[in-house]
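Asks: Dropping a prediction and its sequence here:
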Amino acid sequence: MPREELRALQSERLVRQVRRVYDSVPYYRDKMNAKGVTPDDVRGIEDLPKLPFLSKSDLRDAYPYGLLARPLSECVRIQSTSGTTGRRVVAFYTQHDIDLWEDCCARAIVAVGGTKDDVCQVCYGYGLFTGGPGLNGGSHKVGCLTLPMSSGNTERQLMFMTDLGATILCCTPSYAAYLAESAIETGMRDKIHLKAGIFGAEAWTEEMRRDIQDKLGLKAYDIYGLTELSGPGVAFECSEQRGMHINEDHFIAEVIDPVTEEVLPYGQKGELVFTAITKEAFPMIRYRTRDICVLNAEPCSCGRTHIRMSKPMGRSDDMLIIRGVNVFPSQIETVLLNRGMPANYQITVDRVNNSDTLDVDVEIPPELMSDTVNDITRKEAELVEAMRAMLGITARVHLVAPKSIARSEGKAVRVIDKRKLY
Ligand code: DLL
């Protein structure tokens, strides 16, 4: 669609969406009233900056139903991120929302050359996580033979991949790298016929792209999305592999200065903000993603007119993505404090053999100092279990001697991220 037409479509959808949320969601109405803006003030996309921002804290305040724009009886599904209730995002979908979301994922598959003749192996997690259900739906829409593998069980993944001749692989980039290594180690590499991979949900570098491409003999494409906006498929790479086209007929993108909240011109680095203009149940107006990136409006040689976003270059909050799971350091702190441990801890994240590691060093409280090695090992195991329950992933917990974690004169350095992903 030519850009002028797209802009007109976005304007029309935005105006309708703003009116709809104002009329049906008291939470939005109050926020707009507080900013002194009514739906009459929004006549087109140029009026977008008048609207208030929405952030994760709004989602928390309004949890679970406060941002619903349709009656619950019209909703057919929820999806959710990892995390505790407070941090957890629960998104609602009508059947129409699911159809549009799957369309977005289908576009991503078509963009990597997918057709109904392809065999598409989906090894993102199924269930609450959006990765599996989103790509699964997209693959059906394209008409690919879909292998709904979900994550894990590498041996079985490789068996289906080779026996059924998978041609498209959808998973996190770190799992793709792990699959590649396992295929090489088990001598199955020559039986793999993948042509494309659709990898996202976490940050990955160009080096990692080259490594996966070389090892699996495919072209590796990036895909971006977040639960709040439906899931994967908000943006995806085309044959150019140079930035991800944003599905702008569904999502209007802005980049802002995260501190001043001023809207920045295309080409400048800032925090990505999205307005979902077609979602029914869980609309999201000017949602602050906390992802830092750059938008690029230059025409793309693939012919798509949608602008492109760079790979996320970091976050404007402290969220970590570890093995595809969203983790806030405060969740780890909560586990420690609930279990009577001191707040003297340090989190180290690294990537070893393309897989994320999470280590938590905690100083032994003085009352445990007299305990035996057995007691300490038991305490560590208990903390590992409590963290798994809170975060959904396994951390290695090490009880260390009191005062062995360096004290800082300013802010405590709680997190050391050695992954160099950005
Ligand atoms: O990760 C949705 C998704 C599933 C995207 C499968 C792609 C593929 P959440 O769990 O809500 O949703 O996490 C969203 O993950 O704000 C980014 O910080 C990060 N993220 C997602 N895609 C990418 C990517 C899914 N391609 C958060 N590169 C987002 C870097 C990404 N970070």
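Replies: The structure has been received and is ready for your questions. Numbering: from 1, shown residues only.
Asks: I would like the residues contacting stretch 107-114, please.
Replies: Under the contact criterion C-beta atoms under 8 Å, 6 or more residues apart in numbering, stretch 107-114 has outside partners 118, 120, 135, 138-139, 142, 144, 168, 195-198, 219, 221, 223, 232-233, 236-239, 245, 247, 302, 304. To be clear about C-beta, it is placed using only N, CA and C from the backbone, and glycine gets the same treatment.
Asks: now check that stretch, is it near the ligand?
Replies: No. Using C-beta under 6 Å from any ligand atom, stretch 107-114 never reaches the ligand; the gap is at least 9.0 Å.
Asks: Tell me how the chain divides into domains.
Replies: 90-317, 322-417 (automatic domain parsing).
Asks: any idea which of the ones you listed scores lowest on pLDDT?
Replies: Ranked by mean pLDDT, these end with domain 322-417 in last place, scoring a mean of 88.
Asks: so how far is the first residue of that domain from its last?
Replies: Distance between the two ends of domain 322-417: 10 Å, counting by C-alpha to C-alpha, to the nearest Å.
Asks: And for stretch 46-55?
Replies: OK, stretch 46-55 end separation, C-alpha to C-alpha: 21 Å.
Asks: Could you tell me the average pLDDT over that stretch, please?
Replies: 98.
Asks: hmm, back to that, now, the contacts of stretch 107-114 that are in strands?
Replies: Judged by DSSP state E, the contacts of stretch 107-114 include 120, 168, 196-198, 219, 221, 223, 232-233, 236-237, 245 as members of strands.
Asks: Put together CSV for those, with neighbour count on each row.
Replies: Formatted as CSV, the ones in strands among the contacts of stretch 107-114 follow (neighbours: other C-beta atoms under 10 Å):
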residue, neighbour count
120, 25
168, 27
196, 22
197, 25
198, 29
219, 17
221, 25
223, 28
232, 29
233, 30
236, 29
237, 25
245, 22
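Asks: of the residues you listed, closest to the ligand?
Replies: Using C-beta to the nearest ligand atom, residue 232 comes nearest to the ligand of the ones in strands among the contacts of stretch 107-114, at 3.5 Å.
Asks: Name all residues that make contact with the closest one.
Replies: With C-beta under 8 Å, 6+ apart, residue 232 has these contacts: 104-105, 108, 124, 130-131, 134-135, 200-201, 223-225.
Asks: got a markdown table for the residues you listed, with distance to residue 62 too?
Replies: A markdown table is the format used below for the contacts of residue 232 (distance: C-beta to C-beta, whole Å):
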| residue | distance to residue 62 |
| --- | --- |
| 104 | 24 |
| 105 | 27 |
| 108 | 30 |
| 124 | 27 |
| 130 | 19 |
| 131 | 25 |
| 134 | 23 |
| 135 | 28 |
| 200 | 27 |
| 201 | 25 |
| 223 | 28 |
| 224 | 24 |
| 225 | 21 |
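Asks: hmm, who's touching stretch 363-378?
Replies: So stretch 363-378 is contacted by 340-342, 344-345, 379, 399-405 (C-beta under 8 Å, 6+ apart).
Asks: Pick out the residue of the stretch 151-300 of the chain closest to the ligand.
Replies: For the stretch 151-300 of the chain, C-beta to the nearest ligand atom, closest residue to the ligand: residue 200, 3.1 Å.
Asks: rewinding a little: Produce a ChimeraX select command limited to the buried residues of the contacts of residue 232.
Replies: To isolate the buried ones among the contacts of residue 232 in ChimeraX, judged by 16 or more other C-beta atoms under 10 Å, type:
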select :104,105,108,124,130,131,134,135,200,201,223,224,225
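Asks: so of the contacts of residue 232, which ones are in helices?
Replies: Using DSSP state H, the subset of the contacts of residue 232 located in helices is 104, 105, 108, 131, 134, 135.
Asks: wouldn't residue 285 be in contact with residue 51 here?
Replies: Yes. At 5.8 Å, residue 285 and residue 51 qualify as touching, with contact defined as C-beta atoms under 8 Å.
Asks: Would you tell me which residues of the stretch 51-200 of the chain are close to the ligand?
Replies: So the stretch 51-200 of the chain meets the ligand at 81, 124, 130, 131, 200 (C-beta under 6 Å from any ligand atom).
Asks: The fourth one and residue 230 touch, don't they?
Replies: When you say that, I think you mean residue 131. No. Between residue 131 and residue 230 there is no contact under C-beta under 8 Å: 11.7 Å.
Asks: What segments of the protein are helices?
Replies: Under DSSP H, the chain gives helices at 3-24, 26-34, 56-61, 95-111, 131-142, 154-163, 173-185, 206-216, 329-338, 373-391.
Asks: Out of those helices, which gets nearest to residue 255?
Replies: Each of those was scored for nearness to residue 255 using C-beta to C-beta, and the closest is helix 3-24 (16.1 Å).
Asks: Now do the closest one, average pLDDT.
Replies: Averaged across helix 3-24, the pLDDT comes to 98.
Asks: helices or strands up against that helix?
Replies: helix 26-34, strand 270-276 (3 or more C-beta pairs under 8 Å, 6 or more residues apart in numbering; DSSP states H and E).
Asks: For these, could you give me CSV that also reports mean neighbour count and distance to the ligand?
Replies: Shown next, in CSV, are those (neighbours: other C-beta atoms under 10 Å; distance: least, C-beta to the nearest ligand atom, whole Å):
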stretch, mean neighbour count, distance to the ligand
helix 26-34, 16, 20
strand 270-276, 24, 8
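Asks: Pull the contacting residues for residue 415.
Replies: Residue 415 touches 318, 320, 329, 346, 347, 348, 349, counting by C-beta under 8 Å, 6+ apart.
Asks: Nearest spatial neighbour of the last one, chain-adjacent residues omitted?
Replies: With sequence-adjacent residues excluded and distances taken as C-beta to C-beta, 6 or more residues apart in numbering, residue 349 is closest to residue 417, at 4.7 Å.
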